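Engineer: next come a sequence and a model predicted from it.
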Protein chains: 4
Amino acid sequence: MIPDRELAVFEAGIKLGALYHQWVGTPVSRDSAAGVEKAIEQAVILQPFVEEITVRLDRTLMTPNTFGYSELSGLMFDVDIVTRVGFTYCRARLLQKDGYPLMQVTECNEIPGLSRH
Amino acid sequence: MIPDRELAVFEAGIKLGALYHQWVGTPVSRDSAAGVEKAIEQAVILQPFVEEITVRLDRTLMTPNTFGYSELSGLMFDVDIVTRVGFTYCRARLLQKDGYPLMQVTECNEIPGLSRH
Amino acid sequence: MIPDRELAVFEAGIKLGALYHQWVGTPVSRDSAAGVEKAIEQAVILQPFVEEITVRLDRTLMTPNTFGYSELSGLMFDVDIVTRVGFTYCRARLLQKDGYPLMQVTECNEIPGLSRH
Amino acid sequence: MIPDRELAVFEAGIKLGALYHQWVGTPVSRDSAAGVEKAIEQAVILQPFVEEITVRLDRTLMTPNTFGYSELSGLMFDVDIVTRVGFTYCRARLLQKDGYPLMQVTECNEIPGLSRH
């Protein structure tokens, strides 16, 4: 038996890995960024165990190429996700650190009053 | 020298091939489909030589899985794109035919009054 | 502080989610399947915390389309991955179950003799 | 009716756009690059109208990140593809130019002795 807490962490990892590789490479600009953020959020929230998802793309990295747009790269992501399994919530993040798009578990919390007896 | 007409056709092919492989696999539902359509359109219109793009996803194929959502598949696409190079417009389409997501050139037109002398 | 065990589970989730969305949609056939399996394995093993990865694609689902090939779909995957953080190993799997490409933690083990005092 | 030459150009565009967005983001290193090149070639050659495909990835751009690997980016691609429709061959290329991953038609040729009378 895998405890809920580990399952919640596992699900957060799945969602971050998935969204990263689904959207990297998408044409994007500062004007279209808000729409892409919303599209990613709406896709991720459909998946099981996802409670909350916030996607913010770093516009300062969207340097226009010869044709005036950019490509969504891993370093642009600032994603905050909350997954839930049973009564345990897990928060994780995708955010660039030292030039690497790092995925990290931020915290896990069990709702104490609701735990099973 | 490649004529404008062939270049316009080439660009239409690039865009259809690109959007297909960028977006296939995205979690989608009947409720979120309109947002995904718009996000794809907004991404494609950024790219050079694209004049118009309309994306329509077939909701009837979005059969919910155990967790209540679907995955964007190639057969769901109905895409109509118009590219332009110089004074030549090319229209192409991605639409399922006999169970295959077929990409086809629909028509090419040169604007006669505007041609170079 | 997140325990090693949760971190190992998190990393397994990341890798499974990532490979799924990176590779879904790739043209594949029964003849080319072994090459795709190897390419996925070689890409995943590069990533941090991955100890072992085995990818097996279900050839019986590779029904040739009009043009004689298939597209890699989520249901074709049978992936077994082992991640390690510190002295804890975690094994997880991606395998279709009831028509859904399910990702699951199989087991986690700490090497007892090597634990920190 | 669209002439074979335009169809061949269209197909070349499709394939280049497709492979770009399918593989961008894949973890890659100088050691694994040859395997990725081969996997892309083997996937593209399955598709209709493709006669030849050569993929070469620029290892000099594969600067290892903190964890010792890179991510396949558009600028790494050097792809040469030949498509054929009827008796017309079309050659196209994906190669970075001035910091942009440019796709271009190189040449089209009809086999004269084999043309229809």
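Structural biologist: In hand now; what should we look at?
Engineer: for the lengthiest helix in chain A, packing partners?
Structural biologist: In chain A, taking DSSP state H as the definition, the longest helix is helix A:4-23. Counting contacts by 3 or more C-beta pairs under 8 Å, 6 or more residues apart in numbering or on different chains; DSSP states H and E, helix A:4-23 packs against helix A:33-44, strand A:50-57, strand A:77-85, strand A:88-97, strand A:100-110, helix C:4-23, strand C:100-110. The way it works is simple: take the backbone N, C-alpha and C, and place the C-beta from them, glycine included.
Engineer: only alpha carbons, please: show the longest one as PDB.
Structural biologist: Translated: helix C:4-23. Taking Å, rounded to 0.1, in the frame of the first residue of the first chain, the C-alpha atoms of helix C:4-23 are listed here in PDB:
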ATOM      1  CA  ASP C   4      13.600  10.900   0.100                       C
ATOM      2  CA  ARG C   5      10.900   8.400  -0.500                       C
ATOM      3  CA  GLU C   6       8.400  11.100  -1.500                       C
ATOM      4  CA  LEU C   7      11.100  12.800  -3.700                       C
ATOM      5  CA  ALA C   8      11.700   9.500  -5.500                       C
ATOM      6  CA  VAL C   9       8.000   9.000  -6.100                       C
ATOM      7  CA  PHE C  10       7.700  12.600  -7.400                       C
ATOM      8  CA  GLU C  11      10.600  12.100  -9.800                       C
ATOM      9  CA  ALA C  12       9.000   8.900 -11.100                       C
ATOM     10  CA  GLY C  13       5.800  10.800 -11.800                       C
ATOM     11  CA  ILE C  14       7.700  13.500 -13.600                       C
ATOM     12  CA  LYS C  15       9.400  11.100 -15.900                       C
ATOM     13  CA  LEU C  16       6.300   9.100 -16.700                       C
ATOM     14  CA  GLY C  17       4.200  12.200 -17.500                       C
ATOM     15  CA  ALA C  18       7.000  13.700 -19.500                       C
ATOM     16  CA  LEU C  19       7.700  10.700 -21.700                       C
ATOM     17  CA  TYR C  20       4.000  10.100 -22.400                       C
ATOM     18  CA  HIS C  21       3.400  13.600 -23.700                       C
ATOM     19  CA  GLN C  22       6.800  13.800 -25.500                       C
ATOM     20  CA  TRP C  23       6.200  10.700 -27.500                       C
END
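Engineer: now the angle from it to helix A:4-23?
Structural biologist: Here the directions of helix C:4-23 and helix A:4-23 differ by 30 degrees (axes from the mean of the first three to the mean of the last three C-alpha atoms, to 10 degrees).
Engineer: how far off strand A:77-85 does helix C:4-23 point, in degrees?
Structural biologist: Going by the same axes, to 10 degrees, helix C:4-23 makes 120 degrees with strand A:77-85.
Engineer: how about the very next helix or strand once past helix C:4-23 and chain B, touching?
Structural biologist: Stepping forward along the backbone from helix C:4-23, the first helix or strand reached (DSSP states H and E) is strand C:27-28. No - contact of strand C:27-28 with chain B (C-beta under 8 Å from any C-beta of the partner chain) is absent, the minimum separation being 9.6 Å.
Engineer: pLDDT of the longest helix of chain A, averaged?
Structural biologist: With pLDDT averaged residue by residue, helix A:4-23 scores 98.
Engineer: coming back round to it: and the helices and strands packed on helix A:4-23, which is most packed in?
Structural biologist: Mean neighbour count (mean count of other C-beta atoms under 10 Å in any protein chain shown) peaks for helix C:4-23 among these, with a mean of 27.
Engineer: tilt between it and strand A:100-110?
Structural biologist: Helix C:4-23 and strand A:100-110 are oriented at 130 degrees to each other (the same axes, to 10 degrees).
Engineer: okay, the angle between helix C:4-23 and helix C:33-44?
Structural biologist: Angle, helix C:4-23 to helix C:33-44, by the same axes, to 10 degrees: 130 degrees.
Engineer: coming back round to it: now the longest helix of chain A: how far from the chain's centre is it?
Structural biologist: 8 Å (C-alpha atoms, centre = their mean, to the nearest Å).
Engineer: with distance to residue B:21 added, can I get the helices and strands packed on helix A:4-23 in JSON lines?
Structural biologist: Listed next are the helices and strands packed on helix A:4-23 as JSON lines, based on distance: least, C-beta to C-beta, whole Å:
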{"stretch": "helix A:33-44", "distance to residue B:21": "16"}
{"stretch": "strand A:50-57", "distance to residue B:21": "21"}
{"stretch": "strand A:77-85", "distance to residue B:21": "20"}
{"stretch": "strand A:88-97", "distance to residue B:21": "22"}
{"stretch": "strand A:100-110", "distance to residue B:21": "21"}
{"stretch": "helix C:4-23", "distance to residue B:21": "11"}
{"stretch": "strand C:100-110", "distance to residue B:21": "19"}
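Engineer: separation between the closest residue to residue A:80 other than its chain neighbours and chain B?
Structural biologist: Distance criterion C-beta to C-beta, 6 or more residues apart in numbering or on different chains; nearest residue to residue A:80, sequence neighbours excluded, is residue A:54 at 4.6 Å. For residue A:54, the distance to chain B equals 16 Å [C-beta to the nearest C-beta, to the nearest Å].
Engineer: go ahead and confirm residue A:54 touches residue A:41.
Structural biologist: Yes - under the criterion of C-beta atoms under 8 Å, residue A:54 makes contact with residue A:41 at 6.9 Å.
Engineer: quick one, what contacts the closest residue to residue A:39 other than its chain neighbours?
Structural biologist: Sequence neighbours aside, residue B:39 is the residue nearest to residue A:39 in space, at 3.6 Å (criterion: C-beta to C-beta, 6+ apart). By C-beta atoms under 8 Å, 6 or more residues apart in numbering or on different chains, the contact set of residue B:39 is A:35, A:36, A:38, A:39.
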